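K.L.:
Turn this into a structure:
(one chain, ligands or ions: 1)
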Amino acid sequence: MSRVLILNGPNLDLLGSRETEHYGHETLASIEERCRILGGELGLEVEQVQSNAEHELVETVHRAARDGTDFIIINPAAFTHTSVALRDALAATGIPFVEVHLSNIHGREAFRRHSYFSDLARGTISGLGPAVYELAIRGASGWLDARSDTRGT
Ligand code: DQA
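P.N.:
From the prediction side, this is the model:
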């Protein structure tokens, strides 16, 4: 069974009440529950972690490499625009990942247009609200299936 880690960065624990004009009304707990159900339907083992601390996110990526995690879906939140450390952690492990954002980071303030992650990501999904997580899980599942076909496993 393939292992997928969904990693959410700072302030995403406040979803549901935080800047609802950008992030909507759904809580992180509700999004995580939907991800858990969809992952189960697609035969994936889904782990979900949210942290407000950069070092915890970095350490979670390191642990994912040790645990044999196959794919990461990450919303780095504000660290998207600042964190060389988290970028380097993903680069160091080489675990394939998709970068997601609830809001369209290209349609907001200029500082949000730059991401430290997009050029390393297998793909990016931005601006569709909580559906970005569902699309990313489906994308990860398809990518992992294609990889097993190529490897003959
Ligand atoms: C975000 C966009 C970031 O610019 C912001 O700092 C966030 C959330 C999003 O999901 O739209 O915290 O990643």
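K.L.:
switch to C-alpha atoms for all contacts and neighbour counts from now on
P.N.:
OK.
K.L.:
Pass me the low-pLDDT residue ranges in the protein, would you?
P.N.:
Residues of the chain that meet the criterion pLDDT under 70 lie in 153.
K.L.:
tell me the centre residue of it?
P.N.:
Residue closest to the average C-alpha location in the chain (Cα atoms, centre = their mean): residue 74, at 1.8 Å.
K.L.:
What residues does the protein have near the ligand?
P.N.:
Selection of the chain residues close to the ligand by Cα under 6 Å from any ligand atom yields 75-78, 101-103, 105, 112.
K.L.:
Name the member of the residues you listed with the most neighbours.
P.N.:
residue 76 (28 neighbours; other Cα atoms under 10 Å).
K.L.:
Residue 11 is in contact with that one, correct?
P.N.:
No. Assessed by Cα atoms under 8 Å, residue 76 is found out of contact with residue 11, at 10.1 Å.
K.L.:
which residue sits closest to residue 89, ignoring its sequence neighbours?
P.N.:
Take residue 89 and drop its neighbours on the chain: the residue closest to it by Cα to Cα, 6 or more residues apart in numbering is residue 58, 5.9 Å away.
K.L.:
Can I take it that the one you found is in a helix?
P.N.:
Yes. Using DSSP: H, G, I helix; E, B strand; the rest coil, the secondary structure at residue 58 is a helix.
K.L.:
and it, how far is that from the ligand?
P.N.:
According to Cα to the nearest ligand atom, to the nearest Å, residue 58 and the ligand sit 17 Å apart.
K.L.:
circling back: let me have the residues of the chain next to the ligand in CSV, extended by secondary structure.
P.N.:
Formatted as CSV, those follow (three-state DSSP):
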residue, secondary structure
75, strand
76, coil
77, helix
78, helix
101, strand
102, coil
103, coil
105, helix
112, helix
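K.L.:
Using a markdown table, lay out these together with distance to residue 22.
P.N.:
Formatted as a markdown table, the residues of the chain next to the ligand follow (distance: Cα to Cα, whole Å):
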| residue | distance to residue 22 |
| --- | --- |
| 75 | 15 |
| 76 | 16 |
| 77 | 12 |
| 78 | 14 |
| 101 | 10 |
| 102 | 8 |
| 103 | 6 |
| 105 | 10 |
| 112 | 13 |
